[in-house]
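> structure of the sequence below:
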Amino acid sequence: MVRGLAPGGRAARWCTCRGAAVAVCLGNLVAALLVARALYSPGPFASTPKRGEVKYSKDQVRWMEESIRIRREAEPVELIEAVNKLRKVFAREAKRRKELPLELKQRVSYEILQRLRDLGEDRNTTEQREAIESWRVEKLKYIRSSSAQNISNLDLSIEESRMLKRALEFNWRMLLEDIGLWIPPYVYHIEHDEKPENEPEEEEIIPGPPLPPECNAELHTDYGGAAVRWGLTHHKESAADCCQACIDQAKRAKAGALKCNIWVYCPSEYGCYSPDKYEHKHQECWLKQADHPKLNFKDRYSESYRDSHPTAPVVVPWMSGVISA
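Below is the predicted model:
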C-alpha cells in the first residue's frame, strides 16, 4: 500500500513547487508595475524631488525673477554702447596704420632723419620740431603739385603717393609714432606762414568740371542748415554736380517746400569726418536750406575740439557753398 501511494505523493509535491513559482512571478510583475507607475505617472511619486535636486517655493521663484529683472535694468547700457563705439574707432585706426607699407615708412623715417642731420646737433628741440613740421608741409605741397602733373616728376607710384598724402594730412601723429618719433601734441597745431608778403595762396585742385560762380565754392568748409536731401543716399561725381543738384532742386521745389540754397560735398576719397554716428563716404552731396547760413567748421578743427573729438582730423575735409540769389 505504501508503494502504491508513491506516485500520488510526487504529484502533490510537484504541484506545490509550480504554485510557488507562479506566486513569485506574480509578485515580481506587481512590483514592476508599481515601479513603472512611480516613474511615469503624474501621481504623488512624480512630485518627489530626485536626489540632488532643489525644490523652490513660489515665493522663492518670484524673488529670483525679480532679482534677474533688477540686474538687467542696472546694466550700464550707455557705457557698453560707448565701449563698442571706441572699439570700432580703434579698429579703423588700426586699419589706417596698416595702410602705409613698411618700405614707405622707412623712406619717410630716412628723409626726416636726414633733415634733422642737416639741421645740426647744436639745435634746440623747438628748432627740430619746426624742421620736422616744415618737412611735412613741403612734402604735402610737393605731392599735390606732382599729382596735377600726373606724378611725372615724383619718385613714388600713384598708390604710394595717395597713401602718403593721406598719412601726412590726417594721420601725421600716428605716422610719427609708427616710425618711432615722438613729438608733443601741440606741435601739430602750430601755423607756419613763412611766405613773403603779397604772395598768392596756393590754389588747391578740385576734381571734376569747374564750378559756376553762383556756387560760391569754399574749400575745407562745412555749412549748417535744414537737410533738403540727405547725402548718405545722395552721391554726385563732382562738386560741380552737387552744386547743380542744389540749383535744380530749388527750381523744381513745390510751393511751401524747402528750397536748397546750400550744398555740402565730400571730395575726399577716404570719406569725410563728422561728429555724428554715420560714416560719411566719398562723393556725398548734402542739399540744405537756411535763411541765414552759418558755418559749422572752417579750414581747421580747433585744438579744443580735437581734444574732445579724438578722431577728428586737423583739416576740415568738406567743401561747401551758398548759392547766390
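> for the closest residue to Lys139 other than its chain neighbours, give its distance to Pro207.
Sequence neighbours aside, Leu168 is the residue nearest to Lys139 in space, at 6.0 Å (criterion: C-beta to C-beta, 6 or more residues apart in numbering). Where C-beta positions appear, they are placed from N, C-alpha and C, glycine not excepted. According to C-beta to C-beta, to the nearest Å, Leu168 stands 19 Å off from Pro207.
> what of Ala131?
For Ala131 relative to Pro207 (C-beta to C-beta), the value is 32 Å.
> repeat for Met163
18 Å.
> where are the low-confidence patches of the stretch 101-250 of the chain?
For the stretch 101-250 of the chain, the stretches flagged by pLDDT under 70 are 121-123, 125, 146-156, 171, 178, 180-205.
> ok, which stretches of it are strands?
217-218, 221-223, 226-229 (DSSP state E, counting those that start in this stretch).
> Pro317 and Tyr273 touch, don't they?
Yes - contact criterion C-beta atoms under 8 Å: Pro317 and Tyr273 qualify, at 6.0 Å.
> tell me, what's touching those two both at once?
By C-beta atoms under 8 Å, 6 or more residues apart in numbering, Pro317 and Tyr273 have no common neighbours.
> what's the burial count for Asp291?
7 (other C-beta atoms under 10 Å).
> sorry, that was for Arg166
If we define neighbours as other C-beta under 10 Å, then Arg166 has 18 of them.
> what's near enough to touch the nearest residue to it once chain neighbours are set aside?
Counting by C-beta to C-beta, 6+ apart, Arg166 lies nearest to Tyr270, which is 5.8 Å off, once chain neighbours are set aside. Tyr270 makes contact with Arg166, Phe170, His282, according to C-beta under 8 Å, 6+ apart.
> so the second one makes contact with Pro313?
In other words, Phe170. Yes - using C-beta under 8 Å, Phe170 is in contact with Pro313, at 4.3 Å.
> quick one on the thing from earlier: the more surrounded of Met163 and Pro207?
For Met163 and Pro207, the more surrounded residue by other C-beta under 10 Å is Met163, and the numbers stand at 18 against 11.
> so how far is Glu169 from the more buried one?
11 Å.
> cool, Thr221 as well?
Taking C-beta to C-beta, one finds Thr221 at 16 Å from Glu169.
> what's the answer for Ala20, then?
Ala20 is 104 Å from Glu169, by C-beta to C-beta.
> which of the two has more neighbours?
Each of Ala20 and Glu169 has its neighbours counted (other C-beta under 10 Å); Glu169 has more, 18 against 10.
> tell me the contacts of that one?
Glu169 touches Leu140, Pro313, Val314, Val315, counting by C-beta under 8 Å, 6+ apart.
> burial of Ala250, as a residue count?
17.
> from the contacts of Tyr270, which is closest to Gly27?
His282 (89.0 Å; C-beta to C-beta).
> assign the closest one to helix, strand or coil.
Three-state call for His282 (DSSP: H, G, I helix; E, B strand; the rest coil): coil.
> isn't it right up against Glu269?
Yes - at 4.8 Å, His282 and Glu269 qualify as touching, with contact defined as C-beta under 8 Å.
> which residues of the protein fall in helices?
2-40, 58-73, 77-99, 102-119, 125-148, 158-170, 172-178, 239-252, 303-308 (DSSP state H).
> could I get the ones you listed as JSON lines with distance to Asn296?
JSON lines is the format used below for the helices of the chain (distance: least, C-beta to C-beta, whole Å):
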{"stretch": "helix 2-40", "distance to Asn296": "74"}
{"stretch": "helix 58-73", "distance to Asn296": "38"}
{"stretch": "helix 77-99", "distance to Asn296": "21"}
{"stretch": "helix 102-119", "distance to Asn296": "33"}
{"stretch": "helix 125-148", "distance to Asn296": "24"}
{"stretch": "helix 158-170", "distance to Asn296": "19"}
{"stretch": "helix 172-178", "distance to Asn296": "23"}
{"stretch": "helix 239-252", "distance to Asn296": "17"}
{"stretch": "helix 303-308", "distance to Asn296": "11"}
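> good, we can wrap up now.
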